Structures are given as C-alpha cells and as structure tokens.
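quick one: sequence plus predicted model below, questions after.
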Amino acid sequence: MKLHGIFPPVTTPFKEDGSLALDRLKENINRYNETGVAGYVVIGSTGESVLLGRAEIEQVWTAARQAAGDKILIAGTGVDSTAETIARTNRAAELGYHVALVKTPYYYKGQMTAEVHAEHYLRVADAARIPLLIYSVPQFTGVAVEAPLVAQLAQHPNIIGIKESSGVMQRVGEIILRAPAGFQTLVGSATTFYPSMALGAVGGILAVADILPELCVELYEACAKGDFDEARKLQARLIDPTLTLVAKLGIPGVKFAMDRAGYYGGPPRRPLLPLNEAQKKEAERILEAAIGAGKSAD
C-alpha cells in the first residue's frame, strides 16, 4: 500500500444538538476529492475520536467510505486496549478501509515502556486484516515512539509506516535513517513538512489540509518534483495557519476555519468549546492572509 501524498484527517461534523451530521461529512469529502489529496484519515485526533461512541465511529467510517470513491482510506483504530484495537481494526477492514492508524496506548504511562508498546503493536499487526501505521502523537498522549522501536516494528510485514506528529526533526530523521527501505514515514506536523520530505518522508496527514487542501497538495508536489524554491515558499504560507488554527485553537479553530473556507466545520463536541469572538477574529485574520498570499502569488 503506497501512502504517498496528502491525507486530510477529516473532522467529524456535528449538528448544533451534538448529533452526527453525516451528510455534511459526505459533502466535505466530495469537495476534497477534487483537490488532489491521496486519501483520508477517518476517526483520527482531528476527527474527535476520543469523544465518539463505538456506534458513532462505525457510522462515520461508513459515511466516509460511501463518499471517498477511489481514494485511500485510513481508519483511526487505536485505543489503550490491545483487544479493542484489534476489534476496531478488523471492523474497519470489513467496512472497506485500506490501512489502520494505531496510536500508542498511553493511559498507564508509568508502564508504557518500549517493550509494552512493541508487544501491543506486534499483537495487533499479527491479528489485523489490513496493514498498520504506527501513530506517535506525544502532544496528546505524552508518549513518543522513538527510532529504535520503529526500526524493530518495521520488520513486521503488516506494519508499513508511521505517522510521526511530534514535529521534532531529529526524531523524524532518525526514524527514516533506521527504518528499512520501503517503510513509509508520514508526518503530522505541517510546519516541518518540507524538511521532512527532504529527509525522505513520503507524505503528510495534516490537519491544516482540512482547511487548505490545495495548498498542502501543491507543497507535496513541489517537494516530490524537487522544486525546493517553490516548496520553501509554500511551506512558509502554511506556518501561521498551522500554528494558530491547528496548534493554538485546536479542533474548534479548524472547524471554524473550515466554515470560512467553504467547507462544513460546525461545532466541536463538548467538552470542547466554540471559539470566542476574539479567537474568531484571530482565525479570520490568519486564514485571510494565507488565502490572500496565494492570490498574490498567482
């Protein structure tokens, strides 16, 4: 399974009453289908995975599958329990997903050693009916997957890559250096996308691609072609949207910016709160600057 390109980790749309807005999800994906993205992550961190029930997750997976056409589909299936992760992964396979994104168990941090993580991933990989991507997202879990463990896990034929979201370039470089040929490193930090590609990453799962998918695809294509002058310019345009709309304002910021960019963002699910007026103004300023810079470049 070749995972080269840009994969938006799609948001989960809700109605104002908090229920799922599955038609809006399909509308968003139909629009993304025209932007050149390679596929989608469904029920990842940006999809508010930890705020959804199991039945809701399956509804979202199904709706996204119906809209995605021939795009690659990656299901976020990782939870703290090894058995539940296996069950979710194989359910996603039954629903037509191609790859599972499996985040690190993290709740019992004192016991979450490299040995424990290795055992977890290898058991899931043995039982899974689709290939796995390791998901390292220490800003949420407090647990990072380091290069020696990645190199060990990469020997398993059903573990085909990693989504490395720490944004630490040394870690990204070490993973790419130590992993065997063919193991695919995708990054989750848009602020370091260009240098990660220069080191050998093959693509990105970028929350900012929910808002500015065309810009992210342009950046990937410039990197893939070796047009590094253009890549640096495009990378610069993604810095402020990523730092503000994604990192600072979080999912409420992403969803608000999606609404302003012509997609359906809608409300976040509680306990997340919608943006206040000052935050909305900040988000609008950043988004307008990013879009305006593109028009000026044209």
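Sure, I can see it.

what's the helix or strand of the chain with the lowest mean pLDDT packed up against?
Of all helical and strand segments in the chain, the minimum by mean pLDDT, DSSP states H and E falls on helix 277-297, at a mean of 87. Other elements packing on helix 277-297 under the criterion 3 or more C-beta pairs under 8 Å, 6 or more residues apart in numbering; DSSP states H and E are helix 228-240, helix 250-260. For glycine as for every other residue, the C-beta is placed from the backbone atoms N, C-alpha and C.

so what does P9 look like in phi/psi?
Backbone torsions of P9, given as degrees, to the nearest 10, read phi -90, psi 90.

nope, G161 is what I meant
Per-residue torsions, G161: phi 180, psi -170 (degrees, to the nearest 10).

so which of the helices and strands packed on helix 277-297 comes closest to F193?
The closest of the helices and strands packed on helix 277-297 to F193 is helix 228-240. By C-beta to C-beta, the value is 6.4 Å.

residues making contact with the closest one?
With C-beta atoms under 8 Å, 6 or more residues apart in numbering as the test, helix 228-240 has contacts from 190-191, 193-194, 197-198, 208, 212, 215-216, 218-219, 222-223, 286, 289-290, 293-294, 297.

and it, how far from the chain's centre?
Here helix 228-240 is found 20 Å from its chain centre; the criterion is C-alpha atoms, centre = their mean, to the nearest Å.

mean confidence score for it?
Here helix 228-240 scores 96 as its mean pLDDT.

what's the angle from it to helix 277-297?
If you take axes from the mean of the first three to the mean of the last three C-alpha atoms, to 10 degrees, helix 228-240 sits at 160 degrees to helix 277-297.

list the buried residues of the least confident helix or strand of the chain.
Neighbour counts over helix 277-297 (16 or more other C-beta atoms under 10 Å) mark Q279, K280, E282, A283, I286, L287, A290, I291, A293 as buried.

try stretch 89-97
Within stretch 89-97, the residues scored as buried using 16+ other C-beta under 10 Å are T89, N90, R91, A92, A93, Y97.

give me the neighbour count for V50.
By other C-beta atoms under 10 Å, the residues close to V50 number 12.

quick check, pLDDT for it.
For V50, the pLDDT comes out at 97.

over to L73?
L73 is assigned 98 on the pLDDT scale.

from K233, how far out is the residue lying closest to K280 once chain neighbours are set aside?
Distance criterion C-beta to C-beta, 6 or more residues apart in numbering; nearest residue to K280, sequence neighbours excluded, is F256 at 6.3 Å. Distance of F256 to K233, given as C-beta to C-beta, to the nearest Å: 26 Å.

between these two, point out the one with more neighbours.
Set F256 next to K233 and count neighbours by other C-beta under 10 Å: F256 wins out with 24 against 16.

what about the helices in the stretch 1-150 of the chain?
Counting by DSSP state H, counting those that start in this stretch, the segments of the stretch 1-150 of the chain that form helices are 22-32, 54-67, 82-94, 114-127, 138-141, 147-153.

in TSV, list the ones you listed along with distance to Q184.
Listed next are the helices of the stretch 1-150 of the chain as TSV, based on distance: least, C-beta to C-beta, whole Å:
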stretch	distance to Q184
helix 22-32	21
helix 54-67	22
helix 82-94	18
helix 114-127	15
helix 138-141	20
helix 147-153	11
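
among the ones you listed, which is nearest G5?
Of all the helices of the stretch 1-150 of the chain, helix 22-32 comes closest under C-beta to C-beta, at 12.3 Å.

how much does that closest one deviate in direction from helix 250-260?
Here the directions of helix 22-32 and helix 250-260 differ by 70 degrees (the same axes, to 10 degrees).

could I get the buried residue list for helix 22-32?
Across helix 22-32, burial judged by 16+ other C-beta under 10 Å covers L22, R24, L25, K26, N28, I29, Y32.

go on, stretch 72-85?
Neighbour-count burial for stretch 72-85 flags I72, L73, I74, A75, G76, T77, G78, V79, T82, T85 (criterion: 16+ other C-beta under 10 Å).
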